[in-house]
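K.L.:
any chance you can model this:
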Amino acid sequence: MGEHLYTYNDPPNPRHLDQIVEVLRSNGVIALPTGTNWAFCADPTSKKANQRIRMLKPGHPKELPFSLLCKDISMATTMTTIDGSAFRMLNRAWPGPFTMLLRSNRQLPRLLKTKREVVGVRIPDDPLTLAVVEHFGGPLMASTVPRGDDGQHLRMGYEVFEAHGHGLDLVVDVGDELPGSQTTVVDLTSGAPEVVREGAGDVSLL
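P.N.:
You can find the predicted model right below:
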């Protein structure tokens, strides 16, 4: 059974950030609040962590890679191709409840040890998660925590711990209830934005 770590984000606890990053760098899997919902997160270069998340989400398609959480647009540009018009759009949408599908660049295989033509990227509007990503020093692999038996998203950290603590190393919790909503997914790979899934993100910002 993993640990349920209660912390705070104003400001983040440096000792807790060190603990979280140590877990991530040891092939660990954690649960983080991402503003809209909870997500399983791990080092994107860790094949072991990738397999562990897939065990927690057996219904996730094998051919579908997980998305990446970034600290800011600058971090996203280290792995993806973002032109001027896309940058202006992303600057309006991020941080916030949008997952953007972007074309990868030549640096992605070197940074993440994987070949992907399209990358789903998100910059969440959650200070704790952004602090974890910054302290880790790179993007995190992320996938939304599955819904509960009632078909609803888990909103509280203790619910995530009770349902998935057996397969996690840490549930990082500030005690807040999340909305339990999905992000809006937008495909920017062809230039013009195409809404793949409507969610919490206001598409009028695009």
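
K.L.:
state the number of residues packed around Leu170.
P.N.:
Neighbourhood size, Leu170 [other CB atoms under 10 Å]: 23. Every residue, glycine included, has its C-beta placed from N, CA and C.

K.L.:
so which helix or strand of the chain has the lowest pLDDT on average?
P.N.:
helix 108-112 (a mean of 79; mean pLDDT, DSSP states H and E).

K.L.:
mind listing residues that contact that helix?
P.N.:
44-45, 78-80, 114-116, 119, 138-139 (CB atoms under 8 Å, 6 or more residues apart in numbering).

K.L.:
look at the nearest residue to Arg116 once chain neighbours are set aside and say how many residues are nearby.
P.N.:
Once flanking residues are discounted, Arg116 sits nearest to Ser104: 5.3 Å by CB to CB, 6 or more residues apart in numbering. By other CB under 10 Å, the residues close to Ser104 number 20.

K.L.:
also the one 10 residues further on?
P.N.:
When counting by other CB under 10 Å, one arrives at 15 neighbours for Thr114.

K.L.:
A helix includes it, no?
P.N.:
No: checked against DSSP: H, G, I helix; E, B strand; the rest coil, Thr114 lies outside a helix; its state is coil.

K.L.:
this protein: strands as residue ranges?
P.N.:
Using DSSP state E, the strands of the chain run over residues 3-6, 30-33, 38-42, 67-69, 98-103, 118-122, 140-144, 170-173, 184-187, 194-197.

K.L.:
save those as TSV, and put in distance to Arg155 and mean pLDDT too.
P.N.:
What follows is these, written out as TSV (distance: least, CB to CB, whole Å; pLDDT from 0 to 100):
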stretch	distance to Arg155	mean pLDDT
strand 3-6	15	98
strand 30-33	10	98
strand 38-42	8	98
strand 67-69	19	97
strand 98-103	19	97
strand 118-122	19	95
strand 140-144	13	97
strand 170-173	12	98
strand 184-187	19	97
strand 194-197	20	96
